[in-house]
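Asks: With the sequence up front, the predicted model follows.
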Amino acid sequence: MKPIIEIEGLGKSYRIGANREKYLSLRDEMAKQAHGFYRRFLSRHRHVPRDEEFWALKDVSFSVNEGEAVGIIGRNGAGKSTLLKILSKITPPTTGKITLRGRMASLLEVGTGFHPELTGRENVYLNGAILGMTRAEIKRKFDEIVAFAEIEKFLDTPVKRYSSGMYVRLAFAVAAHLDPKILIVDEVLAVGDAEFQRKCLGKMEEVAHSGRTVLFVSHNMAAIENLCRRCVLLKQGAVAFEGPTVQTLPKYLADFLRPSSESLATRTDREGTGSIRLLDVQVSVNNRACVAAITGKPCTLRFGFVSACKANVASSIAFTIRDARAQFLCRLSSEDVGSSLSTGEGHGAFLCHIRRLPLTPGQYRITPTISINGEVSDYIEGAFVLNVESGDFYGTGRFSDHSPVLLDHEWEMFNS
């Protein structure tokens, strides 16, 4: 039997600095062709600067058999989203080809394929029609979709008035219940609450066990491990490894926790406006830089930056902590604790003081986000590896490794 998905020599290039494509009139198109001819003529006689070419994917090849659940993993910028957009026919490949042998449903972004002016009810039927379902097939699944999405009260409300959580619940319910042979799901499930994420994972397990095919992109390694028997690891747009999940995850996690030799100042895998840019992250104990923090002891994380803001602006910083399995543990934010930060032009540092570090010994990945008036200025996934050494958190001489996070607490008992 032939694979349900075949990917051969897939590549996708972008022109950095190229103007975005737009609709052109015949006159505009003729002028564009003439301009291209003029540039080619000049290039024979003198140097003409060209747009830089960037390959988001290069020579990617693998196949997926019917009924398989395959994880697509890799760090930000590895090419995961580009691959899924090509598979979903949102963008065409530059090289190579894809062969799909089955009806496909994809959930890449919140509300993808929804018409904002239509109600939830109307969008269910619209999405079903896009997937090639008959009205009778959609009607048969309709009540199940609505019950799963938990939006009964808002079923006849235009989806433009939905919250992001309502959007994602309905979008996932439609994609998972309308019997696609291939289901593609990106990290979009992170938008939902924890209970809904558990429902989604349960539904994807049901879909996979029913003989349908699932491609799943996630940073949640526990979910990948639970759902997928095989993974494809992407790195810098190419397949770095492909094989059983038990073999692939250690390779991803080793890279995930490897301190980058590249300076944060020169990292290109970042997002944001760039008005404030991170330069370095350091950990210190008692005002002295150190290579590791200690469980239960105070420490300070210093985020060095350079700002191009001419006047002082309201800024904020937050960072997430993930463990060695890339599972999310917590998020610390200057806004959440009411810290008022103001940034002007030049160099500086944000300092986060942690009174008692509640992490057990190990390695943790720090991902910071700097924002100005709510707009992201700089974001670097896995900017820093925090090493934590053993310490007596509870002051009892006992060490507990039953949980990655320790909470200060007391117990008492009384007899009635």
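Replies: Received it, and whenever you're ready, just let me know what you need. Just so you know, these numbers come straight off a predicted model, no measurement behind them.

Asks: Let me see the ranges of the strands in the stretch 251-400 of the chain.
Replies: With DSSP state E, counting those that start in this stretch as the definition, the stretch 251-400 of the chain shows strands at residue ranges 270-271, 276-285, 288-290, 293-294, 299-307, 313-322, 328-333, 341-343, 346-354, 362-372, 375-380, 384-389.

Asks: For those, give me TSV that also has distance to Val124, mean pLDDT and mean neighbour count.
Replies: Bear in mind the C-beta positions are built from the backbone N, C-alpha and C, glycine included. TSV is the format used below for the strands of the stretch 251-400 of the chain (distance: least, C-beta to C-beta, whole Å; pLDDT from 0 to 100; neighbours: other C-beta atoms under 10 Å):
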stretch	distance to Val124	mean pLDDT	mean neighbour count
strand 270-271	33	90	16
strand 276-285	43	92	18
strand 288-290	56	86	10
strand 293-294	50	88	21
strand 299-307	45	95	19
strand 313-322	34	94	20
strand 328-333	31	92	14
strand 341-343	45	89	16
strand 346-354	45	95	14
strand 362-372	35	93	21
strand 375-380	33	94	20
strand 384-389	44	90	18
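
Asks: nearest to Ser88, of those strands?
Replies: Of all those, the one in closest proximity to Ser88, counting by C-beta to C-beta, is strand 270-271 (21.7 Å).

Asks: C-terminal to whichever helix or strand Lys203 is part of, what's the next element?
Replies: Assigned by DSSP states H and E, Lys203 belongs to helix 194-209. Scanning the chain past helix 194-209 towards its C-terminal end, the next helix or strand to appear is strand 213-217 (assignment: DSSP H and E).

Asks: for this protein, which spans come out with low pLDDT?
Replies: Flagging of the chain using pLDDT under 70 yields the residue ranges 16-51, 107-113, 187-194, 256-262, 397-401.

Asks: all helices for it, in order.
Replies: If DSSP state H is used as the criterion, the helices of the chain fall at 26-43, 80-87, 120-130, 135-149, 164-177, 194-209, 221-227, 245-256.

Asks: Take the strands of the stretch 251-400 of the chain and write them to a markdown table, including distance to Met133.
Replies: Rendered in a markdown table, the data for these read as follows (distance: least, C-beta to C-beta, whole Å):
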| stretch | distance to Met133 |
| --- | --- |
| strand 270-271 | 36 |
| strand 276-285 | 47 |
| strand 288-290 | 59 |
| strand 293-294 | 54 |
| strand 299-307 | 50 |
| strand 313-322 | 39 |
| strand 328-333 | 35 |
| strand 341-343 | 51 |
| strand 346-354 | 50 |
| strand 362-372 | 39 |
| strand 375-380 | 38 |
| strand 384-389 | 47 |
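
Asks: can you tell which of the helices of the chain is closest to Leu57?
Replies: Among the helices of the chain, the nearest to Leu57 by C-beta to C-beta is helix 80-87 (5.4 Å).

Asks: what's that closest one packed up against?
Replies: strand 5-16, strand 52-64, strand 69-73, strand 95-100, strand 104-107, strand 213-217 (3 or more C-beta pairs under 8 Å, 6 or more residues apart in numbering; DSSP states H and E).

Asks: State the separation between stretch 348-365 and the centre of the chain it belongs to.
Replies: Taking the mean of its C-alpha atoms, stretch 348-365 sits 23 Å from the chain's own mean (C-alpha atoms, centre = their mean, to the nearest Å).

Asks: May I have the distance across it, first residue to last?
Replies: The stretch stretch 348-365 measures 23 Å between its terminal residues, going by C-alpha to C-alpha, to the nearest Å.

Asks: Likewise for stretch 74-82?
Replies: Its start and end residues considered, stretch 74-82 measures 12 Å (C-alpha to C-alpha).

Asks: residue contacts, the nearest residue to Pro358 once chain neighbours are set aside?
Replies: When the adjacent residues along the chain are set aside, Pro358 lies closest to Leu406, with 4.6 Å between them (C-beta to C-beta, 6 or more residues apart in numbering). Under the criterion of C-beta atoms under 8 Å, 6 or more residues apart in numbering, the contact list for Leu406 reads Thr295, Gly296, Pro358, Leu359, Thr360, Phe393, Tyr394, Ser400.

Asks: wouldn't the third one be in contact with Ser403 here?
Replies: No: counting by C-beta atoms under 8 Å, Pro358 sits too far from Ser403 to count as a contact (9.5 Å).
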